[in-house]
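Colleague: 3D, please:
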Amino acid sequence: MSSEAIRPTTLEGIKRLAKSLKVERDIRHVQALDVASQAAGFQNFRHASNALRTAPAPEQQIFGHRVFLTAYWEHREKSASGRETLTIWLSSPWTDLLTPLQFKNHRALVGFRKEGPDHLVYERQQNIQSHARRFVCAAARVFYFMDATKLCPSQGYSRAFPGGESSNAIPGHDHGSVWYDRNTRRYLFADEPYEAAAEGRKLEREAWAKENNFVIVKPEWIGMYNPDGGSRLYLVADKTKGIPLSPVAAALNNLPAPIIESTWNGESEPMKPFFVSPGTVAKAAAVKDKPQTPHKLNGQRNSIEYVQTFVGPKRRPVGWTPIEAHAEVGRLLKSVLVVAYNRKGVYNRINAIRSELDEWAQREYSNDELSLEQLNKLYYQESGTTFLRSITESERKRHAESLAQVKIILGEHYPDCPPLRTLFKKVDATVKSLTSWT
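Modeller: Numbering: from 1, shown residues only. Below you'll find the model as predicted:
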């Protein structure tokens with residue numbers, strides 16, 4: 001077999017192919033490494049090394065599920081940019097710990113989106129390297145908390161306070177988050193004030209707990225919010241109706257010290273080429289090798305009519321898209337929308353695209369399956385809109401890739417039909433306007 005027909009999938013495979021290519025083509029070893037990496041689907045050997053690095057971490061001996069957390073940064077005044085990627089190991093896949101919709105339930109996760117099955121990216125580019133690292137470290141601390149406790153973040157604040165009233169929260173609370181046990185359907189409140197402030201109100205907090213039949217436990221593990229800046233974790237729950245705190249504290253106490261920026265041990269690399277995780281590479285290879293069943297292209301057979309209020313009859317694809325996929329598409333669209341207010345060719349088209357998808361989602365799920373609140377958050381209720389007059393080339397490329405991913409996700413779940421092709425044309429027009437925005 002000719003070396004040109006080989007498509008390696010591991011770093012070792014790339015190195016072996018490079019040795020063969022060096023001899024066959026009479027080229028330098030460094031050139032052969034780049035050629036072999038391109039055969040594997042990467043831009044060069046450095047890109048392949050970043051994506052396929054398999055050096056075992058100590059945690060891998062205990063935990064078998066790897067997650068890459070990435071944030072990009074660019075300091076325009078200093079003409080500097082880069083990527084910060086931290087590898088963490090969990091005892092469960094991150095998708096078992098929470099759904100993409102639940103990212104919004106915690107401040108440290110709300111800006112992240114799924115880039116691959118094992119890769120989460122912070123979608124807002126930071127101005128300096130330090131900020132990028134902080135966001136990644138904060139997300140890592142939350143994932144370790146979830147993995148240790150198997151609790152998921154919740155917006156049910158009223159469920160965690162006495163009488164269901166947030167006004168009855170523990171005195172001196174700060175930087176709090178609510179956590180839910182899916183098995184027992186119980187809640188706890190993770191309070192993370194600065195320790196000096198909390199200890200100054202210790203008697204008041206203890207009196208509150210006694211009066212409301214609540215329990216306060218202070219684990220040895222410092223916490224998630226700002227452990228290197230003085231914040232301290234306190235677990236707070238109803239003594240009879242809340243989550244039992246002793247097992248939670250014991251699980252947290254087995255964790256290593258919280259990851260912080262000052263002890264950064266992640267990967268700091270140039271922004272380009274953009275990081276591609278091993279899981280993403282494997283998924284792409286599996287899709288490529290999977291036999292393709294051509295969709296029927298015979299007009300309306302793969303679509304169904306519905307009536308839109310104030311508009312009249314329209315058509316949508318038959319079948320349905322999973323809620324998690326709708327949520328992922330919504331996040332991708334909103335990540336572009338928040339930066340494109342002043343680029344109407346992008347902003348107005350995305351508004352039209354998400355309006356269409358919102359209509360499809362309404363008709364795919366009943367109110368019991370998808371509440372009105374959940375529906376509204378799929379494609380709307382974005383936050384942090386900016387009013388940029390221009391964006392950088394790297395930002396244009398990233399947002400264009402997000403829109404390309406929208407088409408991939410929708411194409412995986414909907415059959416080919418006129419409504420879907422029309423929607424894709426709008427996405428393509430949006431990308432064209434985006435890439436010409438200087």
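Colleague: When you work out contacts or count neighbours from here on, use the C-alpha atoms and nothing else.
Modeller: Fine.
Colleague: Give the rounded mean pLDDT of stretch 79-91.
Modeller: Rounded to a whole number, the mean pLDDT of stretch 79-91 is 92.
Colleague: now what about that stretch, what contacts it?
Modeller: Residues outside stretch 79-91 that contact it (C-alpha atoms under 8 Å, 6 or more residues apart in numbering) are 59-60, 62-75, 128-129, 132-133, 136-137, 140, 144, 147, 265-272.
Colleague: now it: how far from the chain's centre is it?
Modeller: Computed by C-alpha atoms, centre = their mean, to the nearest Å, the chain-centroid distance of stretch 79-91 equals 13 Å.
Colleague: what comes up buried for that stretch?
Modeller: 81-90 (16 or more other C-alpha atoms under 10 Å).
Colleague: what do you get for stretch 398-406?
Modeller: Neighbour counts over stretch 398-406 (16+ other C-alpha under 10 Å) mark 399-400, 402-406 as buried.
Colleague: Same check on stretch 414-425?
Modeller: Using 16+ other C-alpha under 10 Å as the test for burial, stretch 414-425 gives 414-420, 423-424.
Colleague: got the CA coordinates for it in PDB?
Modeller: Only the C-alpha atoms of stretch 414-425 are listed here, as PDB (Å, rounded to 0.1, in the frame of the first residue of the first chain):
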ATOM      1  CA  TYR A 414     -33.900  16.900   9.800                       C
ATOM      2  CA  PRO A 415     -34.500  15.200   6.400                       C
ATOM      3  CA  ASP A 416     -33.700  17.200   3.300                       C
ATOM      4  CA  CYS A 417     -36.700  19.300   2.300                       C
ATOM      5  CA  PRO A 418     -37.500  22.700   0.900                       C
ATOM      6  CA  PRO A 419     -38.000  24.400   4.300                       C
ATOM      7  CA  LEU A 420     -34.600  23.100   5.500                       C
ATOM      8  CA  ARG A 421     -32.900  24.100   2.300                       C
ATOM      9  CA  THR A 422     -34.400  27.600   2.500                       C
ATOM     10  CA  LEU A 423     -33.100  27.900   6.100                       C
ATOM     11  CA  PHE A 424     -29.600  26.800   5.000                       C
ATOM     12  CA  LYS A 425     -29.600  29.500   2.300                       C
END
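Colleague: and the gap between Ser402 and Lys314?
Modeller: 27 Å (C-alpha to C-alpha, to the nearest Å).
Colleague: sorry, that was for Val346
Modeller: 24 Å.
Colleague: And the two? Which one has more around it.
Modeller: Val346 (24 against 12; other C-alpha atoms under 10 Å).
Colleague: In contact with the more buried one, which residues?
Modeller: Val346 touches 337, 340, 430-431, 433-434, counting by C-alpha under 8 Å, 6+ apart.
Colleague: is it true that it lies in a strand?
Modeller: No. Using DSSP: H, G, I helix; E, B strand; the rest coil, the assignment for Val346 is helix, not a strand.
Colleague: Contacts only, for Asp34.
Modeller: With C-alpha under 8 Å, 6+ apart, Asp34 has these contacts: 43-45.
Colleague: which one of those sits closest to Val307?
Modeller: Using C-alpha to C-alpha, Gln43 comes nearest to Val307 of those, at 47.5 Å.
Colleague: Please name the bridge partners of Phe189.
Modeller: On the basis of DSSP bridges, Phe189 is bridged to Val178, Val236.
Colleague: Surely it touches Trp179?
Modeller: Yes. The criterion here is C-alpha atoms under 8 Å, and Phe189 meets it with Trp179 at 6.3 Å.
Colleague: helix or strand right after the worst-scoring helix or strand of the chain on mean pLDDT?
Modeller: Within the chain, no helix or strand scores below helix 45-52, which has a mean of 72 by mean pLDDT, DSSP states H and E. Beyond helix 45-52 on the C-terminal side, the first helix or strand identified by DSSP states H and E is strand 65-75.
Colleague: how about that following strand: buried residues?
Modeller: Of all the residues in strand 65-75, those buried under the rule 16+ other C-alpha under 10 Å are 66-74.
Colleague: what does stretch 173-180 contact?
Modeller: With C-alpha under 8 Å, 6+ apart as the contact definition, stretch 173-180 has outside contacts at 106, 151-157, 160, 186-194, 198, 225.
Colleague: Looking at these, which are in strands?
Modeller: In strands, judged by DSSP state E, the following of those are found: 152-154, 186-191.
Colleague: Over to Val339: give its phi and psi.
Modeller: phi -100, psi 0 (degrees, to the nearest 10).
Colleague: Specify the local secondary structure of the residue sitting nearest the centre point of the chain.
Modeller: Closest to where the C-alpha atoms of the chain average out (C-alpha atoms, centre = their mean) is Arg113, at 2.5 Å. Recorded secondary structure, Arg113: strand (three-state DSSP).
Colleague: tell me the domain boundaries of this protein?
Modeller: 3-52, 58-150+260-269, 152-253, 293-435 (automatic domain parsing).
Colleague: any low-confidence regions in the protein?
Modeller: Scanning the chain with the threshold set as pLDDT under 70 gives 1-7, 9, 50-63, 287-300, 308-312.
Colleague: Please repeat the previous calculation with a cut-off of 50.
Modeller: Residues of the chain meeting the criterion pLDDT under 50: 1, 54-61, 295-298.
Colleague: residue ranges for the helices of it, please.
Modeller: Applying DSSP state H to the chain gives helices spanning 11-25, 29-39, 45-52, 94-97, 129-149, 195-200, 202-212, 245-253, 278-289, 323-337, 344-364, 372-379, 393-413, 418-435.
Colleague: Pull out the buried residues from the second one.
Modeller: Using 16+ other C-alpha under 10 Å as the burial criterion, the residues of helix 29-39 that qualify are 29, 32-39.
Colleague: possible to save these as JSON lines with distance to Pro100?
Modeller: Supplementary listing: the buried residues of helix 29-39 in JSON lines, determined by distance: C-alpha to C-alpha, whole Å:
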{"residue": "His29", "distance to Pro100": "43"}
{"residue": "Ala32", "distance to Pro100": "40"}
{"residue": "Leu33", "distance to Pro100": "37"}
{"residue": "Asp34", "distance to Pro100": "36"}
{"residue": "Val35", "distance to Pro100": "37"}
{"residue": "Ala36", "distance to Pro100": "36"}
{"residue": "Ser37", "distance to Pro100": "32"}
{"residue": "Gln38", "distance to Pro100": "32"}
{"residue": "Ala39", "distance to Pro100": "33"}
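Colleague: and which of the residues you listed is nearest Trp208?
Modeller: Among the buried residues of helix 29-39, Ser37 lies closest to Trp208 (C-alpha to C-alpha), at 62.1 Å.
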